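Asker: need a structure here:
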Amino acid sequence: MSRLVKIWLVVLAGAVLGVVVAHDAGYVLLSFGHWTVEMSLALLVLLLALLFGGLYFLIRLMVRTRRLPGDLRDWKQRRGARKAQEAMTRGLLEMSEGNWRAAEKRLVRHAEQSETPLLNYLAAARAAQLQGAHDRRDAYIRLAHEHMPSADVAVSLTQAELQLADNQLEQALATLRHLRQVAPRHTYVLRLLRRLYEQLGDWEHLRELIPELRRAKVVPPEELRALEIRTHRKLLENAFLSTDARDLDRAWAAVPKAIRSDPGLVGDFAGYLEERGRDEEAEKLLRAALRQGWDEHLVELYGLLDSPHPGHQLARMEKFLKEHPDDPVLLLTLGRLSMRARLWGKARAYLEASIARGGPVDAYRELARLLEHMGEEAEALQVYRKALAGSGDERHLIPLPENIGQPKANRPVLEEPVQPPRDADTGVEDGGDGEAGKATA
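Answerer: The predicted model follows:
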């Protein structure tokens, strides 16, 4: 629009000048030594304009000629950058289509001309990873870091992701430890570290990482609590398997108070105490845990403890009957404690009550064992049968005819007789009386 306005202004000025010149062309006399030049004013103005225009275009030509190498270089760079951008777009599309080899070549070929060579090399590293070419992948990672050292976090994160995806856990651990020094509060670094420690089973370092995960709010509170419980359960298991008996107490002392009442943790620790022969400590632990919250697994575990005072255990657990009178697991536990206290009648009553309320198979087994020792073998056999009948899915039972065990003459006759099997190689037919048949010709 501005160019059109300029053209119209020039035309208008020319028209005005033409009208003025037509009315009076003017007169100009130029004298230089013995030379004189006479002309009209309009011609002088025209000559001056032509001279100015010629000088202007000559200067412009000289400037453009001087700048020509730089302009040519800039043009080549822009052309290369455009081709590199097109190559990167095409390379990413080929990666999405699964043409990893072609994508790698295309991304690397124009990486030097790209405005963002970092992205080209990182994408090429992923393409090489998908082909299992670890050497080329690491080489592209190094080139990406050389082109942009300030992007150390981005390059190292990509390297750690690729190493984790290829199950190179030790290398990924080294990369993530370097990242933690460079960016200690980076949430994605913490998330990858958590994932790596879980894969390695490095529960001690994961326990040390959990406070940072909580401060950075990397995971939701419920998930973090479950992670913390799982971590300490694994640490308790490792301490139990340790040759140093004191490791178990140290592992329990390291459990935070916020999760120490978790039934899974309490049950594991009580079970390990029971395995070590520390039943009285396990009994106190379970009793305190049941006061804080009811859990059937802890109740069942309480009944398995070998305490020197089973009568006291029985009296303590019978107090829970007021709040849980129909709990089959509690009734099973009371039955077991009664058996330890040699209260056979009470044990039988509790076990029968547990079975009547849909108790577990262990209630049947305990009752059957009790009846056998009381000399009531028939009743014990009936209990065993009920346990077998109630522990499976009747839909999976094979249907049987009613005439099993009847005389052979009364059974239905098969429409076609069953031929004895014939050996294809030897041609020998197995006889019904156990003797070898004759070989066919």
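
Asker: give me phi/psi at V37?
Answerer: phi -130, psi 130 (degrees, to the nearest 10).

Asker: Run a quick check on A380 versus E366, I expect a contact.
Answerer: No: counting by C-beta atoms under 8 Å, A380 sits too far from E366 to count as a contact (11.0 Å). Yep, even glycine has a C-beta here, placed from its N, CA and C like the rest.

Asker: So for the two, which residue has more residues nearby?
Answerer: Neighbours were counted for A380 and for E366 using other C-beta atoms under 10 Å; E366 has more, 24 against 18.

Asker: Please name the spatially closest residue to that one (chain neighbours excluded).
Answerer: L351 (5.6 Å; C-beta to C-beta, 6 or more residues apart in numbering).

Asker: wait, that neighbour sits on D362?
Answerer: No: the criterion here is C-beta under 8 Å, and L351 misses it with D362 at 9.5 Å.

Asker: re the thing from before, how much space between the residue nearest to E366 and G70?
Answerer: 98 Å (C-beta to C-beta, to the nearest Å).

Asker: where do the helices sit along the stretch 201-350 of the chain?
Answerer: 203-216, 221-241, 246-253, 263-275, 279-292, 296-303, 310-318, 328-340, 344-356 (DSSP state H, counting those that start in this stretch).

Asker: Compute the inter-axis angle for the third one and helix 263-275.
Answerer: Counting by axes from the mean of the first three to the mean of the last three C-alpha atoms, to 10 degrees, helix 246-253 points 160 degrees away from the direction of helix 263-275.

Asker: which of the residues in helix 246-253 are buried?
Answerer: 247-248, 251-252 (16 or more other C-beta atoms under 10 Å).

Asker: same check, this time on the second one
Answerer: Neighbour counts using 16+ other C-beta under 10 Å place 224-225, 227-229, 231-236, 239-240 of helix 221-241 among the buried residues.

Asker: host element of the spatially most central residue of the chain?
Answerer: Centroid-nearest residue in the chain: R195, 7.1 Å away (criterion: C-alpha atoms, centre = their mean). If you go by DSSP states H and E, R195 is part of helix 187-200.

Asker: Let me know the angle separating that helix from helix 203-216.
Answerer: 160 degrees.

Asker: domain parsing for this structure?
Answerer: 221-308, 316-390 (automatic domain parsing).

Asker: what stretches of the stretch 51-200 of the chain score poorly on pLDDT?
Answerer: By pLDDT under 70, the low-scoring segments of the stretch 51-200 of the chain are 75, 77, 80.

Asker: where along it do the strands fall?
Answerer: Taking DSSP state E, counting those that start in this stretch to define them, one finds no strands in the stretch 51-200 of the chain.

Asker: Quick check: phi and psi at the closest residue to V37 other than its chain neighbours.
Answerer: Spatially, and ignoring its direct neighbours in sequence, V37 is nearest to L30 (4.2 Å; C-beta to C-beta, 6+ apart). Phi and psi for L30, reported as degrees, to the nearest 10, are phi -120, psi 130.

Asker: so how far is the helix ranked longest in the chain from its chain's centroid?
Answerer: What stands out as the longest helix in the chain, according to DSSP state H, is helix 41-96. Centre-to-centre, helix 41-96 and its host chain are 54 Å apart (C-alpha atoms, centre = their mean, to the nearest Å).

Asker: do the same with stretch 197-205
Answerer: 15 Å.

Asker: Stretch 343-362 now?
Answerer: 46 Å.

Asker: So which residues make contact with stretch 26-35?
Answerer: For stretch 26-35, contacts defined as C-beta atoms under 8 Å, 6 or more residues apart in numbering pick out 36-44.

Asker: repeat for stretch 141-151
Answerer: Contacts of stretch 141-151 (C-beta under 8 Å, 6+ apart): 111, 117-118, 121-122, 125, 152, 155, 158-159, 162.

Asker: Stretch 179-192 too?
Answerer: With C-beta under 8 Å, 6+ apart as the criterion, stretch 179-192 contacts 152-153, 156-157, 160-161, 164, 172, 176, 193, 209, 212-213, 216, 218-219.

Asker: Stretch 300-319 now?
Answerer: The contact list for stretch 300-319, computed with C-beta under 8 Å, 6+ apart, reads 267, 270-271, 274, 279-280, 282-283, 286-287, 290, 299, 329-330, 332-338, 340-341, 343.

Asker: how about 6 Å then?
Answerer: Residues from elsewhere that reach stretch 300-319, judged by C-beta atoms under 6 Å, 6 or more residues apart in numbering: 267, 270, 274, 279, 282-283, 286, 329, 333-334, 336-337, 340-341.

Asker: Would you mind putting those residues into a markdown table with neighbour count alongside?
Answerer: As requested, the contacts of stretch 300-319 are exported to a markdown table (neighbours: other C-beta atoms under 10 Å):
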| residue | neighbour count |
| --- | --- |
| G267 | 20 |
| A270 | 24 |
| E274 | 18 |
| D279 | 18 |
| A282 | 26 |
| E283 | 21 |
| L286 | 27 |
| V329 | 22 |
| T333 | 27 |
| L334 | 27 |
| R336 | 26 |
| L337 | 27 |
| R340 | 19 |
| A341 | 17 |
